[in-house]
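Undergrad: sequence plus predicted model, see below.
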Amino acid sequence: MKKNVLKPIVARRSTLLLALLAAAFTACRTAELAVSDEIKTGATAYAVKGRQGFQVGQVLSFGEYKTSQVKRGWTFSYSIPFAARFSGAREKLSFQQLGPGGRSAEVAFVSRFKETELSPLKDYFSLSAYYQNAFAGGIELNGTNEGWEFIVQNVDGGGNSLKNNTLGFVRSSTDRTRIDIIGLRELEGSPKLMTMTNVYGYEFRLDGQTIGAVSTVNNGKVWIKDNLHPELKLVLASVASGLILRTNVEEEALAAR
């Protein structure tokens, strides 16, 4: 009986130790997300500007992609069907995503859902299971009738088991094209055991092929395959911006202490 009582305590201590080791590692060097070799060729890697600093008037940019001033709490974005449906969520982000060729999209993301919204969220995305720590939203491409919806479950990772996956997808509301999102838990040059408790970025996969990635480490970084349609690039840029801008639930809890 005593062994059973001690087991969860030892597990929590092990998780804390791994988190501390990962933090020490990232503090000693500039941490870089470990991405697949597939995205290292035929893709452009963009350094991100605007993540750090004041949130008031915040603008995020990478390469030819730039957001309007980010609004935390909504104004215009209730016009996006998904955003209106889950307007009770405690964290809200909205902005216009600008891209090359004059393309733009209206974007609204939500997280930290109310307890009463979790079951409708599960049904809306036809999920087999759900986590309370989810990040979701809608993207409307200006000048077209096309919209996209997006969700990532267990978005911060939050677990010391590789089975505790961070998974999600972006889907088109017109032709149902689906891009899978996979959480990445490795840093360049760091043993997997030290980093497996956290998610440091996300990879975008279409038909099993990696077409983009985003790092949420330090200032952030975005990779987008060069051969994609410009509108699909804009969708990936929109989701990447949201993932970089969102508040990590665990970081927020630590800051509040």
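TA: Here it is on my side, so go on. Numbering: from 1, shown residues only.
Undergrad: in the stretch 51-200 of the chain, which spans are strands?
TA: 61-62, 65-67, 71-72, 91-98, 104-111, 134-141, 147-153, 167-172, 178-184 (DSSP state E, counting those that start in this stretch).
Undergrad: averaged pLDDT, the fourth one. What do you get?
TA: Mean per-residue pLDDT for strand 91-98: 89.
Undergrad: can the strands of the stretch 51-200 of the chain go into CSV with extra columns for mean neighbour count and distance to Asp207?
TA: In short, each C-beta sits where N, CA and C put it, glycine included. Compiled in CSV, the strands of the stretch 51-200 of the chain are given as follows (neighbours: other Cβ atoms under 10 Å; distance: least, Cβ to Cβ, whole Å):
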stretch, mean neighbour count, distance to Asp207
strand 61-62, 20, 25
strand 65-67, 22, 24
strand 71-72, 15, 34
strand 91-98, 22, 24
strand 104-111, 25, 23
strand 134-141, 25, 20
strand 147-153, 23, 17
strand 167-172, 19, 13
strand 178-184, 20, 9
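Undergrad: columns distance to Asp37 on top of those, output as a markdown table?
TA: Putting the strands of the stretch 51-200 of the chain into a markdown table (distance: least, Cβ to Cβ, whole Å) gives the following:
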| stretch | distance to Asp37 |
| --- | --- |
| strand 61-62 | 22 |
| strand 65-67 | 24 |
| strand 71-72 | 37 |
| strand 91-98 | 28 |
| strand 104-111 | 30 |
| strand 134-141 | 27 |
| strand 147-153 | 23 |
| strand 167-172 | 21 |
| strand 178-184 | 13 |
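Undergrad: my understanding was that Leu184 contacts Glu32; is that so?
TA: No: counting by Cβ atoms under 8 Å, Glu32 is not a contact partner of Leu184; they are 11.3 Å apart.
Undergrad: what about Leu234, which SS state?
TA: helix (DSSP: H, G, I helix; E, B strand; the rest coil).
Undergrad: neighbours of it, just the number please.
TA: Other residues lying near Leu234 total 25 when counted by other Cβ atoms under 10 Å.
Undergrad: can you tell me, leaving aside adjacent residues, what's nearest to it?
TA: Using Cβ to Cβ, 6 or more residues apart in numbering and skipping residues adjacent in sequence, the residue nearest Leu234 is Gly99, 4.4 Å away.
Undergrad: any idea how far the one you found is from Lys66?
TA: Distance, Gly99 to Lys66, using Cβ to Cβ, to the nearest Å: 8 Å.
Undergrad: ditto for Gln97
TA: From Gln97 to Lys66 the distance is 8 Å (Cβ to Cβ).
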